[in-house]
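**Q** Coordinates for the following, if possible.
(chains A and B)
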Amino acid sequence: MSEDALIGLFVATVQFGTLVYLAALGELIAERAGVLNLGVEGMMAMGAVSGFMVGLETGSPWAAFFAAAAVGALVGGFHALVSVVLGAGQVVSGLALTIGGLGLAAYVGRNVVGERPEALFTDLGIAGLADIPWIGEIFFDQPPVVYVAVVMGLSVWFVLARTRLGLAIRAAGESAPTTDTAGHSVMALRSGAVMVGGAFAGAAGSFLSLYMAPGWVEGMVAGRGWIAVALVIFGAWRPGRLALGALLFGFTLALQPRLQSFDIELLGVQVNRISPALLGILPFVLTVVVLVIISWRYRHRPSVAPAALGLPYRREER
Amino acid sequence: MRRPALVRRDRVVPATQALGFFVGIVVALLLGAVLLIVSDHSPAEVYERMFDSAFRGTDSLSRTLGRATPLALAGLSVAVAGSMGLWNIGAEGQMMAGAIVATGVAMMADGLSGPLLIALMMVAGVAGGMVLMVGPALARSHLGVSEIITTLMLVYVAIRVVEWLETGPWKDPESFGFAVIEPVPEQAALPGLFGRANIGMLIALGLLIVFSVAVSRTAWGYELRLAGSSPDTARYAGVSLRRKILAALLLSGGIAGLAGAVQLTGSATRLESGLSNGYGFAGIIVAALALMRPSGVAVVAFVFGAVQVGGQSIQTLGVSSAISDILQAMILFGALVAVVFFSYRVRWSAPSVGLPAGVREEPDPSAEAA
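**A** Numbering: from 1, shown residues only, chains lettered A, B, ... in the order given. Model prediction:
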């Protein structure tokens, strides 16, 4: 394996990691407030298509990025309305959001399939740092969204762990009646968290269509939204551990298309002779294996999941 | 400022879910009409075409029933797990796994007579679906790993395995270089009933009846529902939760696998990566709308079959078939919202600031001391 290929692998690891990190960070916010949102895949698809289309219109990747975030928030707001405000089942509502979101994205984007992108993010190449061998290329010559994700990760950690708002959000996820009694509106906290989470997913989707795989085709999210949902469990609902998990999953996502070109032997099998379709199962099998391993390791400890996750709250019924 | 709050109604609206389903359809059609108008199509023309292609004439009706069959089986699969409060999100993948194993059996035993081969393929389908479910079921029952994520992840695994089989080991040598798997033997095609409908429909209907009785009328079904709604009570009554979880999930996987085998022998000619065609995912919506009751699954599956057939037919009008996915999700959202308003009413009330009425404010002792 050449040095360039190895650097390329790590560069892609950071990018795929960013993709799933942004989406998972949004899901983390919603889940810390007590709302499970299985609509990440649909919100990402809507973000991807709307980001790409706004990019076509405006030519500005940033306008596209923020438009995608706004669309994500709007789609997430639908889940908030149905499952938080009206208190319907979160699993069903989230799944319908995924199916409906994928369908709507396919419908909205039917005329721009295969169009050449007008707006693309370009690598920053931070002066001085980007020239460092290895490190420079991997960490300091990336598209701006990578650094946005780092800043967002720190911000989410700060808000959740160090501010009164964060305390209220976490309280809503642990015990809604207590939060209500303390004078906070559970409905507002949870709806807000779901919409902000949707914005993150939408933004992540646009990173896909504005940089990683420029353009729009149906099914381009390809399960990454679901990996983000699994990642939140892996990250034990903490932004820091989530980042580690994102890099691990980013690595497998980056590895899979590259394994073909690696002339190495693993367990007596020539890796580059394995079918690409078979290598494609890697991230998904890894997700299952990782979830099983962490559940087995922590089987005797109390769960770290937010206690009220998935439970609707109606004040009149407490 | 007065604030709205949801208050449970004193009088229950009868047949809540059925009515909610109906409202959901109306809401979906209205929202769909808005979408169509925005994109310069005539809703009347589109909906008329959809209705005609789904219901007018035996051929149309048989097409709708043909689509309703895999939807009903996938819906039943989700409903069996759902009656215990478990979510099988991976029916799509288990369908594939069932079709894979059924294809394998057909390749090995293509000399058998039709009925025998079909029966064998159905059993193989059930086995295939169960095999894909073993991991998630054990992880859920013994370690408490969320079955939602694990079942879903395996969907992608199953589809990729089919793609691998297409390009490699099972590639049809007579396909002139196309990456396709050889067709299933002719005698394995399910016998037709009328139009495009085949006996797959009867298999689905039979299973729906069996599970309808099993879930709501037998001790086994009672324990299943009890274990889902109140795990502590069930454990106290001597029900093994682990075994119930395993049983519910494996059955769920098996039924989805059967759906794959029925699809393979009924309407597909060969195993391909598009075989499950979203039926497994739509099955989740079907089961949710049916409140996890097998009897309801039949009705919802029929309506969804019609929506899908209609969605295909409007492509000739230049309308994207994605409309049918949107309609299906909207039916569910509409029904969810409608059911909430059937059970709750909105009460506008003043915000509860300060002390409840009737409690007098105590004088502040510190103020007195000063």
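**Q** and the stretch 201-318 of chain A, which residues reach chain B?
**A** With CB under 8 Å from any CB of the partner chain as the criterion, the stretch 201-318 of chain A comes near chain B at residues A:223, A:226, A:229-230, A:233, A:275, A:277-278, A:280-281, A:284-285, A:287-288, A:291-292, A:295-296, A:299, A:314-317. Placement of C-beta: from N, CA and C, glycine included.
**Q** If we ignore the residues flanking it in sequence, what's nearest A:Phe10?
**A** The spatially closest residue to A:Phe10, leaving aside those adjacent along the chain, is A:Ile138, at 4.7 Å (CB to CB, 6 or more residues apart in numbering or on different chains).
**Q** wait, that neighbour sits on A:Ala12?
**A** No: taking contacts as CB atoms under 8 Å, A:Ile138 lies outside contact range of A:Ala12: 9.7 Å.
**Q** thinking again about what came up before, ok, of the residues of the stretch 201-318 of chain A next to chain B, which come out buried?
**A** A:223, A:226, A:229-230, A:233, A:275, A:277-278, A:280-281, A:284-285, A:287-288, A:291-292, A:295, A:314 (16 or more other CB atoms under 10 Å in any protein chain shown).
**Q** Tell me which entries of those lie within strands.
**A** In strands, judged by DSSP state E, none of those are found.
**Q** Quick one: residues contacting the residue nearest to the spatial centre of chain B.
**A** Centroid-nearest residue in chain B: B:Gly283, 1.4 Å away (criterion: CA atoms, centre = their mean). By CB atoms under 8 Å, 6 or more residues apart in numbering or on different chains, the contact list for B:Gly283 reads B:71, B:73-78, B:91, B:256, B:259.
**Q** Could you turn the buried ones of those into a ChimeraX selection?
**A** Entered in ChimeraX, the line below selects the buried ones among those, by 16+ other CB under 10 Å:
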select /B:71,73,74,75,76,77,78,91,256,259
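**Q** what's the distance between B:Gln328 and chain A?
**A** For B:Gln328, the distance to chain A equals 7 Å [CB to the nearest CB, to the nearest Å].
**Q** Just the C-alphas of the helix or strand containing B:Ala338, formatted as CSV.
**A** B:Ala338 belongs to helix B:322-343 when elements are defined using DSSP states H and E. Extracted in CSV, the C-alpha atoms of helix B:322-343 (Å, rounded to 0.1, in the frame of the first residue of the first chain):
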residue,chain,number,x,y,z
ALA,B,322,-42.4,8.9,-5.5
ILE,B,323,-45.9,10.4,-4.9
SER,B,324,-47.0,7.0,-3.6
ASP,B,325,-44.3,7.0,-0.9
ILE,B,326,-45.3,10.4,0.1
LEU,B,327,-49.0,9.5,0.2
GLN,B,328,-48.2,6.4,2.4
ALA,B,329,-46.3,8.4,4.9
MET,B,330,-48.9,11.1,4.9
ILE,B,331,-51.7,8.6,5.6
LEU,B,332,-49.8,7.5,8.7
PHE,B,333,-49.2,11.0,9.9
GLY,B,334,-52.8,12.0,9.2
ALA,B,335,-54.0,9.0,11.1
LEU,B,336,-51.7,9.6,14.0
VAL,B,337,-52.8,13.2,14.4
ALA,B,338,-56.5,12.3,13.9
VAL,B,339,-56.4,9.6,16.6
VAL,B,340,-54.8,12.0,19.1
PHE,B,341,-57.8,14.4,18.5
PHE,B,342,-60.3,11.6,18.8
SER,B,343,-58.9,10.8,22.3
